[in-house]
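Q: need a 3D model of the sequence below.
(one chain, ligands or ions: 2)
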Amino acid sequence: MSEVNDKIVIVTGGANGIGAFSVEVFIENQAKHVAILDIDTISGFKLEKHLNTTYGDGKVKFYKCDVSIDDQLFGAFNKVLDSHGYIDVVVNNAAVSLENSLEGIRRLVDINVTALVMSTLKAIEIMRVDKTGKGGTIINISSIAALKQFCPSVFVYCGTKSAVLQFSNCIGKQEYFSKTGVRVITVCYGPTDTDLVPLMINIDDSINPEIRSNIDAQKLQTAESAARGLLEAYKNGASGSTWLVFDSKVTEITSNIDRAYDIMSENFTK
Ligand SMILES: NC(=O)c1ccc[n+]([C@@H]2O[C@H](COP(=O)([O-])OP(=O)(O)OC[C@H]3O[C@@H](n4cnc5c(N)ncnc54)[C@H](O)[C@@H]3O)[C@@H](O)[C@H]2O)c1
Ligand SMILES: CCCCC[C@H](O)/C=C/C=C\C/C=C\C/C=C\CCCC(=O)O
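A: Ligands and ions are numbered 1, 2, ... in the order given. I've put the predicted structure just below:
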């Protein structure tokens with residue numbers, strides 16, 4: 001079981017929603033420090049103040065950072081390293097869902113996929129035991145949207161969450177983990193009550209009413225219960241494992257994913 005005690009943690013998109021509760025759950029469980037990387041300065045500074053008042057000065061620091069801009073992302077990692085000497089855990093949580101313009105779709109892919117890949121690679125570089133690191137954990141946030149073929153839906157958003165799942169599972173494989181000592185775990189949330197869900201809007205306006213009514217019919221778990229599920233995955237997950245946090249219940253679904261890939265590749269020769 002992996003402990004949170006004394007860990008230096010980064011949470012991207014940690015100013016609101018599930019990310020904000022994830023920050024609190026790590027602090028509550030004795031993390032040494034959590035860095036919030038987010039573009040939302042108002043919520044970020046407010047959360048920093050609230051958590052430092054509740055848990056003690058210096059426990060949390062907000063860094064204004066657009067994760068899709070490499071200089072800002074890597075700059076924030078370097079500041080955390082300069083201040084604390086190490087990074088133990090990175091939760092790649094930042095994402096957007098609004099795909100109602102071509103420009104918005106490009107930004108969505110940049111944030112949901114490219115930034116998450118860059119952050120993962122940077123974190124591995126810092127933490128890998130076969131270089132100068134001492135190991136660590138990366139948790140990449142995917143979704144039920146990667147596990148089911150929703151239609152109509154926000155198709156690009158669903159594609160980005162599948163990319164997160166496949167990338168994280170491949171780079172998290174035991175063969176690579178045994179070299180780097182850096183666990184990569186994927187957490188897929190089910191529908192959760194945050195600002196992201198109302199912003200699921202397709203570029204094809206003709207399908208938006210159906211998307212909306214399908215989503216409105218859903219029971220949403222709370223952002224806090226989603227974050228508590230993340231902690232369970234952190235504590236118990238092996239590298240390359242996948243966890244579903246749906247309706248406030250946490251289930252390891254690694255064997256389902258492996259079975260699905262076995263089926264999809266059954267006619268391929270090795
Ligand atoms: N809410 C759900 O139903 C649900 C379900 C499955 C998966 N997820 C995933 O959970 C994660 C958290 O989502 P949420 O629902 O809490 O969303 P949210 O919109 O409440 O929070 C997202 C946070 O990311 C930040 N962010 C957006 N763009 C950024 C950027 N370029 N750089 C830095 N920060 C940025 C926002 O400012 C915000 O604080 C996402 O990866 C999302 O895809 C959410
Ligand atoms: C991302 C899926 C959007 C699906 C909308 C669609 O019309 C189908 C809905 C059918 C059932 C809805 C069940 C779950 C989806 C609702 C919200 C998912 C949030 C997932 C996420 O934010 O990643």
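
Q: what mean pLDDT does whichever helix or strand residue 175 is part of get?
A: Applying DSSP states H and E as the criterion places residue 175 in helix 174-180. The pLDDT scores in helix 174-180 average 98.

Q: give me the contact list for stretch 63-76.
A: Defining contact as C-beta atoms under 8 Å, 6 or more residues apart in numbering, one finds that stretch 63-76 is touched by 10, 12-13, 35-39, 41, 44, 79-80, 94, 107, 110-111, 114-116, 118-119, 122. For glycine as for every other residue, the C-beta is placed from the backbone atoms N, C-alpha and C.

Q: show me what the residue in the stretch 51-200 of the chain that ligand 2 sits nearest to is bridged to.
A: Ranking the residues of the stretch 51-200 of the chain by distance to ligand 2 (C-beta to the nearest ligand atom) places residue 143 first, at 3.1 Å. Going by DSSP bridges, residue 143 is paired in beta bridges with residue 189.

Q: which positions within the host helix or strand of residue 117 qualify as buried?
A: Element membership for residue 117 (DSSP H and E) is helix 115-127. By neighbour count, and taking 16 or more other C-beta atoms under 10 Å as the criterion, the buried residues in helix 115-127 are 115, 116, 117, 118, 119, 120, 122, 123, 124, 126, 127.

Q: please give me every residue in contact with the residue of the stretch 51-200 of the chain closest to ligand 2.
A: Taking C-beta under 8 Å, 6+ apart as the contact definition, residue 143 lies against 158, 161, 188, 189.

Q: now, which of the residues you listed sits nearest ligand 1?
A: Closest to ligand 1 out of the contacts of residue 143 is residue 189 (3.4 Å), distances taken as C-beta to the nearest ligand atom.

Q: tally of neighbours for the closest one?
A: Here the neighbour count serves as a burial measure; for residue 189 (other C-beta atoms under 10 Å) it reads 26.

Q: per-residue pLDDT, it?
A: In this model, residue 189 is scored at 99, pLDDT.

Q: ditto for residue 268
A: Turning to residue 268, the model gives it a pLDDT of 86.

Q: ok, residue 82 - contacts?
A: In this structure, residue 82 makes contact with no residue, judged by C-beta under 8 Å, 6+ apart.

Q: now do the phi/psi pair for it.
A: Residue 82 adopts backbone torsions of phi -60, psi -40, taken as degrees, to the nearest 10.

Q: among the contacts of stretch 63-76, which are in helices?
A: For these, the ones inside helices are 41, 44, 79, 80, 107, 115, 116, 118, 119, 122, with DSSP state H as the criterion.

Q: and residue 110, how many neighbours?
A: For residue 110, the count of nearby residues is 17 (other C-beta under 10 Å).

Q: ok now the helix holding residue 175, how far from the chain's centre?
A: Relative to the mean C-alpha coordinate of its chain, helix 174-180 is positioned 21 Å out (C-alpha atoms, centre = their mean, to the nearest Å).

Q: touching that helix from outside, list them.
A: Contact with helix 174-180 is made by 124, 127, 128, 129, 130, 135, 183, 184, 238, 239, 240, as judged by C-beta under 8 Å, 6+ apart.

Q: buried among those? Need that as a selection in PyMOL.
A: PyMOL command restricting these to the buried ones, with burial defined by 16+ other C-beta under 10 Å:
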select buried, resi 124+127+128+183+184+239+240
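
Q: which two of the contacts of helix 174-180 have the greatest separation?
A: 130 and 238 (18.8 Å; C-beta to C-beta).

Q: give me the buried entries from the contacts of stretch 63-76.
A: With burial judged by 16+ other C-beta under 10 Å, the buried subset of these is 10, 12-13, 35-39, 44, 80, 94, 110-111, 115-116, 118-119, 122.

Q: rewinding a little: just the contacts of helix 174-180 that are near ligand 1?
A: Near ligand 1, judged by C-beta under 6 Å from any ligand atom, there are no entries from the contacts of helix 174-180.

Q: before we move on, back to that, could you dump the contacts of residue 143 into JSON lines with distance to ligand 1 added?
A: As requested, the contacts of residue 143 are arranged in JSON lines below (distance: C-beta to the nearest ligand atom, whole Å):
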{"residue": "158", "distance to ligand 1": "10"}
{"residue": "161", "distance to ligand 1": "6"}
{"residue": "188", "distance to ligand 1": "7"}
{"residue": "189", "distance to ligand 1": "3"}
